[in-house]
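*Asks:* Next come a sequence and a model predicted from it.
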Amino acid sequence: MRVPFSRHLAANRRRFRRLVNDLQSEYPFVSLLAADCFGTRCEARQGEVSVRDSRWNERGCVVRVHDGVGYREVSFNRPPAPAELRGLLAGGGRGPVPAGERLAYPVPRLEPLRRRWRGRVGRLPARVPLQTRVARLTALRERAFLLCPSLVDIRVIYEEVTVCKLFQSAGRELEQAYHWSQGYLSPVVRRDGVTRYSHELFSGLKGVELLDEMEAALPKALETAVELLAAGRVEPGEYEVILAPEIAGLLAHEAFGHGVELDMFVKGRARAAAYLGRPVASELVTLRDGARAAAQVGSYWFDDEGVLGGDTVIVERGVFRAGISDLLSAQRLGTPPTGHGRRESFERKAYARMANTFFSGGNDRLEDMIASIRQGYLLEKFESGMEDPRGWGLQGIVLYGREIAAGRLTGRLVAPVIMTGYVPDVLGSISAASGMVELSGTGMCGKGHKEYVKNSMGGPYLKCRLRLG
Amino acid sequence: MLEQVLAGLKRTRRIDAWRVAEQQIESRELFLVGRQTDLRRAKQVTRTYLTVYRDFQRQGKPRRGAATVRLHPAQTRGELERVLQVAAEAALRAENAPYPLVEPGGPAPAAPPEALAGPEDLEAALAGLERALLDRAAQDPRARLNSAELFVERVGTRIANSAGLEVGWTSFRGSGELIVEAEGPGGPVELFRELSFARLRPEELAAKLERLQTLCRDRAVAAPTPALGSAPLLLTGEAVREVGQYFLFHSAAESAHRNLARFRPGEPVQGEAVRGDALSVSLEPFLPHSPQSCPWDEDGWPLQPVVLIEAGRLVRRWGPVQYCHYLGIPPTGNVPNLRLRPGSRPLEALRREGCLEVALFSDFQCQPLTGDFAGELRLAYWHAPDGSRRPVTGGSVSGRLDELTTGGLLLSAETQALSGFEGPAGVLLSKVTVTGG
């Protein structure tokens, strides 16, 4: 089914254009991004059902101008009077900040382009009654309690969001509409006073068909949670590990995703800046990021600065080739923008942000990788991660590790596990990669501790060395 | 916007009750790279959240359904009507046990609404902060300000419901981040600090930068964290607040309703025989420094201070109207700030036996349900039993709070004030796994 464009944006297209044209008489560059994103989050859990608008819902505009030296922006969802908007752009009537105290940017030249893009999904939410969607979630909850005597609670969450954006600048008018959904099955189990939880995650440029995947995965979610009741603690140390695709994605994202966001280069915060064209990983490693590199929740046709999304090869066979940029950092560095200028919402600044980040697949088999490990772990299920672009440290917390001893899975689990390491050492230690690449995008990515955006990450099964604790 | 919504609600007959929370936000934002302005932004937005309720019977039992939708100022009357219809339908599907709305005429809130208001001129406020920041940055050339983001905003909040409640107040919030860099023998290092404040005090911002500069110089000369195996861990800063979240979770009415809460009223939360300090935890609607402070919660419940844990025993549960009603206890509302009573020993005494004192984590994570915690060390100090002290970096710590709180936990006498928190500057946990850097 084709995703329809926002009626609100379509109805106001000309009004936005008039605003852009009007401001162009005063500023050498003007752009406007209008967003109308709408969707619903449904959740069933022990003793409660909730239905609410998605946290990703937004409707509003951000106007950006270049005043001859640099940029200013105003975000609004109540259209201000023209004089008020001018006042806000001019800094509350205080006039321009003296030159020399500002970073200077050249006036951008975006090639004229008029395009409209519309995504497709299997089943649009509008075609399936809300009653049916909620009933499927509550049925999953009921089935979980029937299947699992140790179950204390389970969160069954399904969230659907339609993203509609309109970008205008001189000669450029872009429109896109696409739809993504995500789901969570998070059972909490208890036995003999020990409480554990697990999760199965689902996401994609999909519609209500995501619920089919969730229903099929319920037994596995429960089984894993029950397994975790017997989990022990890992003995701290360095191990040979196999990263499941979602953990490979975590490594890609935290180790060399944030570290090559080019606004970090502008600030001198990225150690990777000194490694362009140099080896940073094993030859088995090819790492890509792009809005058009995969079909997942980080996909789009144009970014929040009106730059078309692409497919950037960041690391090619171990050599660092290119970073990912927003428009401003590309201007500062004199590189072509890569279509990674993204905002948490129209209310926030655009930064260089990842879209879909993943390792390419290799030629190894998971069974062989397990068989090659004397003492180590298969790490599964992502909890959280943190970047360190300057120090090239790595923090990732995973839900559990499956012990491997003498080339076999022992059936023993350790949980939770914090993995740390020095990025080049970890990437350099990658010694095997399976063929199939899987991406997932149920979380959200912050820049530091804020500016959350949707993106996906993944890879094949990877074998490497990491410190675990 | 609120008036439009109220008019629309009057025309919608399918809704049994409603609640509206609206925020009008005006902000100014400054982005610095070094000493130069990279970007200035302004924001004027209205956020309106409407919850509609439907009351009905299911299998002879009374039920209440609720659905929350976000409304936008640019919505036409026709769109608003459609949204209300959809919300009314959704509420019928999200059925739960009934619970009441907050009635008007409750006690006055403990937080004086006028105390939350900040400066009128946001541009001037931002300029004052920028000056303080750049002046301080210039005083320490060995730990440079790499970049900074400063946001100041004024938020006008109104909450109304169909029971006749209507309350409102204006608050000031500041936020942002600081990044400082320093040169060390191993090359440049940096440290990051998130900002969140409710008082416009440029001198406090300058003090935060100065502290971060000191830490960054230490990180520049830090050695890799030794593989200690296990060691006493002294948590400081935001990590102390995160530890507090574990105690909040297990004393919440919502957790009890879901059978997830470990603590029971009247029972000990640290075991019968407390080793170390017994915890005393309260919730506070108003801490002058905390941008979380508010007079009423999102339901419009007038907030008062609440004693949760006294001398290691849970005194009562806390929670908003819905979950307290389910448990049959008086609501406290969703009180936003946590206060943890400090201990009697100074930090120096806690360090004396030897410990790893963490100044900054990459991202300290504490899972409130299980009490599992972990974090990579950006900067810590290893206080060896012989009295020596050296900065270390890298590696990680991990452990479980339930084991540690029963095994002995000591709180510092010195205090700290953070967003949403007031309490000891340090918490010593007796035995934590330390992976070397």
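*Replies:* Looks like it arrived, so ask away.
*Asks:* Could you measure from the closest residue to B:Ala223 other than its chain neighbours over to B:Gln213?
*Replies:* In space, B:Ala223 comes closest to B:Val392 once its chain neighbours are excluded; the distance is 5.5 Å by CB to CB, 6 or more residues apart in numbering or on different chains. Backbone N, C-alpha and C define where each C-beta goes, glycine included. Plainly put, B:Val392 is 19 Å away from B:Gln213 if you go by CB to CB, to the nearest Å.
*Asks:* Excluding chain neighbours, give the residue nearest to the one residue in the stretch 201-350 of chain A that gets nearest to chain B in space.
*Replies:* Per CB to the nearest CB, A:Pro236 is where the stretch 201-350 of chain A lies closest to chain B, at 4.0 Å. With sequence-adjacent residues excluded and distances taken as CB to CB, 6+ apart, A:Pro236 is closest to B:Thr435, at 4.0 Å.
*Asks:* Do I have it right that that neighbour meets A:Arg467?
*Replies:* Yes - assessed by CB atoms under 8 Å, B:Thr435 is found in contact with A:Arg467 at 5.6 Å.
*Asks:* check contacts around residue 417.
*Replies:* Let's take chain A. Going by CB atoms under 8 Å, 6 or more residues apart in numbering or on different chains, A:Val417 touches A:234, A:377, A:379, A:397-401, A:468-469.
*Asks:* try again with chain B
*Replies:* Per CB under 8 Å, 6+ apart, neighbours of B:Ala417: B:287, B:289-290.
*Asks:* now B:Lys43
*Replies:* A:74-76, A:347, B:25-29, B:153.
*Asks:* For my notes, confirm it occurs in a strand.
*Replies:* Yes - assignment of B:Lys43 by DSSP: H, G, I helix; E, B strand; the rest coil places it within a strand.
*Asks:* hey, what's in contact with both of B:Thr435 and A:Arg467?
*Replies:* A:236-237, A:420, B:395-396.
*Asks:* Next step: the residues you listed restricted to helices.
*Replies:* Among the shared contacts of B:Thr435 and A:Arg467, no member falls in helices (DSSP state H).
*Asks:* which among those residues end up buried?
*Replies:* When these are checked for burial by 16 or more other CB atoms under 10 Å in any protein chain shown, the buried set is A:236, A:420, B:395-396.
*Asks:* burial measure for residue 349, as a count.
*Replies:* All of this refers to chain A. 25 (other CB atoms under 10 Å in any protein chain shown).
*Asks:* wrong chain, I was asking about chain B
*Replies:* Neighbour tally, B:Ala349, other CB under 10 Å: 14.
*Asks:* Pull out the buried residues from the host helix or strand of it.
*Replies:* Secondary structure from DSSP states H and E places B:Ala349 in helix B:347-351. Applying a neighbour-count criterion of 16+ other CB under 10 Å, one finds B:347, B:350-351 buried in helix B:347-351.
*Asks:* will you turn the buried ones among the shared contacts of B:Thr435 and A:Arg467 into JSON lines that also has pLDDT and distance to A:Ala139?
*Replies:* As requested, these are exported to JSON lines (pLDDT from 0 to 100; distance: CB to CB, whole Å):
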{"residue": "A:Pro236", "pLDDT": "93", "distance to A:Ala139": "43"}
{"residue": "A:Thr420", "pLDDT": "92", "distance to A:Ala139": "41"}
{"residue": "B:Gly395", "pLDDT": "91", "distance to A:Ala139": "46"}
{"residue": "B:Ser396", "pLDDT": "93", "distance to A:Ala139": "41"}
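*Asks:* Can you check the pLDDT for A:Pro389?
*Replies:* We note a pLDDT of 89 for A:Pro389 in this prediction.
*Asks:* can you map out the helices along chain B?
*Replies:* B:2-11, B:77-93, B:122-138, B:202-220, B:238-250, B:253-257, B:321-327, B:347-351, B:401-407.
*Asks:* rank the ones you listed by pLDDT, which is bottom?
*Replies:* The bottom spot among the helices of chain B, by mean pLDDT, belongs to helix B:401-407, with a mean of 77.
*Asks:* For A:Trp117, give its distance to B:Ser162.
*Replies:* From A:Trp117 over to B:Ser162 (counting by CB to CB), the distance is 43 Å.
*Asks:* ok so, going back, list the contacts for the residue nearest to A:Pro236?
*Replies:* By CB under 8 Å, 6+ apart, the neighbours of B:Thr435 are A:236-237, A:418, A:420, A:467-469, B:225, B:227, B:395-398.
*Asks:* try B:Val307
*Replies:* B:280, B:282, B:315-316.
*Asks:* Tell me the one among those residues nearest to B:Gly266.
*Replies:* B:Val315 (8.0 Å; CB to CB).
*Asks:* Spit out the contact partners of the closest one.
*Replies:* B:265, B:307-309.
*Asks:* Any idea how many residues pack against the residue lying closest to A:Arg365 once chain neighbours are set aside?
*Replies:* Spatially, and ignoring its direct neighbours in sequence, A:Arg365 is nearest to A:Ser434 (6.4 Å; CB to CB, 6+ apart). Using other CB under 10 Å, A:Ser434 has 23 other residues around it.
*Asks:* is A:Ser434 in a bridge, and if so with what?
*Replies:* Beta-bridge partners for A:Ser434, by DSSP bridges, are A:Asp364.
*Asks:* separation between it and chain B?
*Replies:* 27 Å (CB to the nearest CB, to the nearest Å).
*Asks:* what separates that residue from A:Gly39, distance-wise?
*Replies:* For A:Ser434 relative to A:Gly39 (CB to CB), the value is 34 Å.
*Asks:* if we can go back for a sec, just the contacts of B:Val315: which are in strands?
*Replies:* B:307-309 (DSSP state E).
*Asks:* May I ask which helix or strand of the chain has the lowest mean pLDDT?
*Replies:* Answering for chain A, as no chain was given. helix A:82-89 (a mean of 91; mean pLDDT, DSSP states H and E).
*Asks:* sorry, should have said chain B
*Replies:* Per-SSE averages on chain B (mean pLDDT, DSSP H and E): minimum helix B:401-407, a mean of 77.
*Asks:* distance between that helix and the chain's centre?
*Replies:* Put simply, helix B:401-407 sits 23 Å off its chain's centre (CA atoms, centre = their mean, to the nearest Å).
*Asks:* give me every residue that touches the closest residue to B:Tyr49 other than its chain neighbours.
*Replies:* Leaving aside its chain neighbours, B:Tyr49 sits nearest to B:Ala21 (4.9 Å; criterion: CB to CB, 6+ apart). B:Ala21 makes contact with B:48-49, B:157-159, B:298, according to CB under 8 Å, 6+ apart.
*Asks:* Kindly recompute the last result at 10 Å.
*Replies:* Applying CB atoms under 10 Å, 6 or more residues apart in numbering or on different chains, one finds that B:Ala21 lies in contact with B:2, B:47-51, B:68, B:157-161, B:296-300.
*Asks:* B:Tyr99 now?
*Replies:* Applying CB under 10 Å, 6+ apart, the residues near B:Tyr99 are B:53, B:64, B:66, B:299, B:320-326, B:331.
*Asks:* One more pass at 8 Å, please.
*Replies:* Contacts of B:Tyr99 by CB under 8 Å, 6+ apart are B:64, B:321-322, B:325-326.
*Asks:* And A:Glu200, by the same measure?
*Replies:* So A:Glu200 contacts A:184-185, A:214, A:217-218, A:220-221, A:224 (CB under 8 Å, 6+ apart).
*Asks:* That one and A:Glu213: what is the separation?
*Replies:* Counting by CB to CB, the gap from A:Glu200 to A:Glu213 is 9 Å.
*Asks:* Also A:Gln176?
*Replies:* Distance from A:Gln176 to A:Glu213, by CB to CB: 25 Å.
*Asks:* So for the two, which residue has more residues nearby?
*Replies:* More neighbours surround A:Gln176 than the other of A:Gln176 and A:Glu213, with 20 against 14 (other CB under 10 Å).
*Asks:* partners of the helix or strand hosting the more buried one in the sheet?
*Replies:* Using DSSP H and E, A:Gln176 falls within strand A:172-191. Strand A:172-191 has the following strand partners under DSSP bridges: strand A:113-118 (parallel), strand A:151-169 (antiparallel), strand A:194-197 (antiparallel), strand A:200-204 (antiparallel).
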